[in-house]
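[1] Build me a model from this:
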Amino acid sequence: MKNIAKTMFAGLLLLAFSAGAYAEDVYSQLAREITEAGSSIHGKKIAIIPFSYADGRPGATKDGSVISERLSIKMINMHKFEIIERSVLDKVMAELKLQASGTIDASSAQQLGKVLGVEAIITGTLVEMQGGKIEVNARLIKTETAQAIGASQAMLEKDWIGDAATAPQQPAYQQPPAFEQPEFQQPVKSRAASSRSQYAYGFFDLFMGLGAPKMDLEFNNLNSTVLLTDLNISGSSLSNGPYRSVKWEKLQTGGFGPVAMRIGAYSRGNVGGAFELGLERRYIKPQITTWALNNGVPGKFTFVREDYLTVTSFYMAGELLVRFTKKTKVEPYLGFGLGLSLNAVNMPYIKGYTNSTYKSAPTDEFALGVMVQIPFGLRINLGENFQLLTEFRAQVNTMKFDRGIAGESDTLTVNGGYFNVGMGFNF
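    Model prediction:
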């Protein structure tokens, strides 16, 4: 059990560090979200206009210039667009008698597009918040149609000197639009508050699985005291023992599950995490199979009862999830899960000391196990907050028990593939 605990602890640390390792600064977030929104114009020229304050305060240009310059560096390094140099942009804006700020109307955007040969411009507004923070609202606008094709919102720390102390001329809540949008502008929808990306969301899933996993079973005693009669096995040609090991592998099973619920979330990137609770029941089917005594040459064996051994498992697992697409109709994902299983093992014909002070049947055991999962699935978006789920999962559940006998260490493993279907609710 110490080894199991160490494995669990190491796995949970891996999940925590993997989820925590994914982070990006605010400027990278803005650059990435705008770049994703402008996928239709990748490789084209764009211009980044210095941002201005939404309350229209005069003379406040440094904050907007610093933010737009840092955003420019991030977007240049992404190599998705050709970015017009700031000196060229300033000269053209001066010639066109345009303000060096984010308050540019539709006509001005079209003028810039023609003179600079740019496919789109990035503009936006700033809102001064408490604690030295600035809210940035950025838009990607196609110059030909003056239509906003993307937006991003973020909160950043003001770590430079200057500007924001300029007194506002009107209350901050009266925010004129940063850009005079035509009536056909597409509204920008947000899943959550200003600090959260439109690609980040939480989910609650309910699903059930279908599968035919295999079972490995071994009765093992270091003192070589395993008797076949105690296992309800008899045969004229067999020695009753005692044996050190009696083992079966890849036994066919029947049963149901898992039936499970999962709650989790995706970050603004592709990495997410979840916590899952599930229930499964498995029993050994009647079958002709093979077994081994003391790890010797396998021989034929027949199970005639389907209730020879039944295990009911309740499990809880943490999962690290990686999706391959965002904000699309279908989101494929891959994951890795690690958790604990609580297992009730029922053996009505096998003798042990679990129900009495003398060796007798039935033997009922509680076994603690380790669960490992590797899911690969699809989240199919049917609405803003509803998804269908289909998932193939490889799963292994390994547990230990001892029938109450000294020196015994029995092992039961259920492993195989499952096909899960269900529904998800986003929040």
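[2] Any regions of this structure where pLDDT drops low?
    Low-confidence segments of the chain (pLDDT under 70): 1-24, 58-60, 98-104, 163-198, 236, 327.
[3] The strand ranked longest in it - contacts with which helices or strands?
    Counting residues, the longest strand found in the chain (DSSP state E) is strand 245-266. Of the remaining helices and strands, those touching strand 245-266 by 3 or more Cβ pairs under 8 Å, 6 or more residues apart in numbering; DSSP states H and E are strand 201-211, strand 214-220, strand 271-284, strand 287-293, strand 310-323, strand 410-426. C-beta: built from backbone N, CA, C; applies to glycine.
[4] change it to 7 Å
    Helices and strands touching strand 245-266, as assessed by 3 or more Cβ pairs under 7 Å, 6 or more residues apart in numbering; DSSP states H and E, comprise strand 201-211, strand 214-220, strand 271-284, strand 287-293.
[5] Columns mean neighbour count and distance to residue 242 on top of the ones you listed, output as TSV?
    TSV is the format used below for these (neighbours: other Cβ atoms under 10 Å; distance: least, Cβ to Cβ, whole Å):
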stretch	mean neighbour count	distance to residue 242
strand 201-211	18	36
strand 214-220	19	11
strand 271-284	20	23
strand 287-293	15	11
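[6] Same list (those) but as a markdown table, adding distance to residue 334.
    Output for the helices and strands packed on strand 245-266, formatted as a markdown table (distance: least, Cβ to Cβ, whole Å):
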| stretch | distance to residue 334 |
| --- | --- |
| strand 201-211 | 16 |
| strand 214-220 | 23 |
| strand 271-284 | 11 |
| strand 287-293 | 34 |
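[7] Which among the ones you listed is found nearest to residue 408?
    For those, the distance to residue 408 is smallest for strand 214-220, at 6.9 Å, taking Cβ to Cβ.
[8] So what touches the closest one?
    226, 231, 244-253, 282, 284, 309, 408-416 (Cβ atoms under 7 Å, 6 or more residues apart in numbering).
[9] partner strands of that strand, parallel or antiparallel?
    Looking at strand 214-220 with DSSP bridges, its partner strands are strand 245-266 (antiparallel), strand 410-426 (antiparallel).
[10] Which one, of these, ends up nearest to residue 65?
    With distances scored as Cβ to Cβ, the stretch of the strands paired with strand 214-220 nearest to residue 65 is strand 245-266 (34.0 Å).
[11] Between strand 287-293 and the closest one, find me the angle.
    110 degrees (axes from the mean of the first three to the mean of the last three Cα atoms, to 10 degrees).
[12] How far does strand 245-266 sit from its chain's centre?
    Offset of strand 245-266 from its chain centre (Cα atoms, centre = their mean, to the nearest Å): 22 Å.
[13] buried residues in it?
    The neighbour-count check on strand 245-266 (16 or more other Cβ atoms under 10 Å) flags 245-248, 251, 253, 255, 257-260, 262, 264, 266 as buried.
[14] Now for these: which two are most distant?
    Farthest pair in the buried residues of strand 245-266, by Cβ to Cβ: 246 and 266, 47.4 Å.
[15] ok, which stretches of the stretch 101-250 of the chain are helices?
    Here the stretch 101-250 of the chain has its helices, by DSSP state H, counting those that start in this stretch, at 106-116.
[16] show me the contacts for residue 340.
    Contacts of residue 340 (Cβ under 7 Å, 6+ apart): 8, 315, 316, 368, 370, 371.
[17] give me the beta-bridge partners of the last one?
    Yep, that's residue 371 we're talking about. residue 339, residue 397.
[18] Use 817 as the first number from now on
    Sure, I'll start counting at 817 from here, so that last one is residue 1187.
[19] Give me the neighbour count for it.
    24 (other Cβ atoms under 10 Å).
[20] List the buried residues in stretch 841-850.
    Buried residues in stretch 841-850, defined by neighbour count with 16+ other Cβ under 10 Å: 842, 843, 844, 845, 846, 847, 848, 849, 850.
[21] can you check stretch 1185-1205 too?
    Neighbour-count burial for stretch 1185-1205 [16+ other Cβ under 10 Å]: 1185, 1186, 1187, 1188, 1189, 1191, 1193, 1195, 1197, 1203, 1205.
[22] Need the max-distance pair from those residues.
    The most widely separated members of the buried residues of stretch 1185-1205, counting by Cβ to Cβ, are 1185 and 1197 (35.1 Å).
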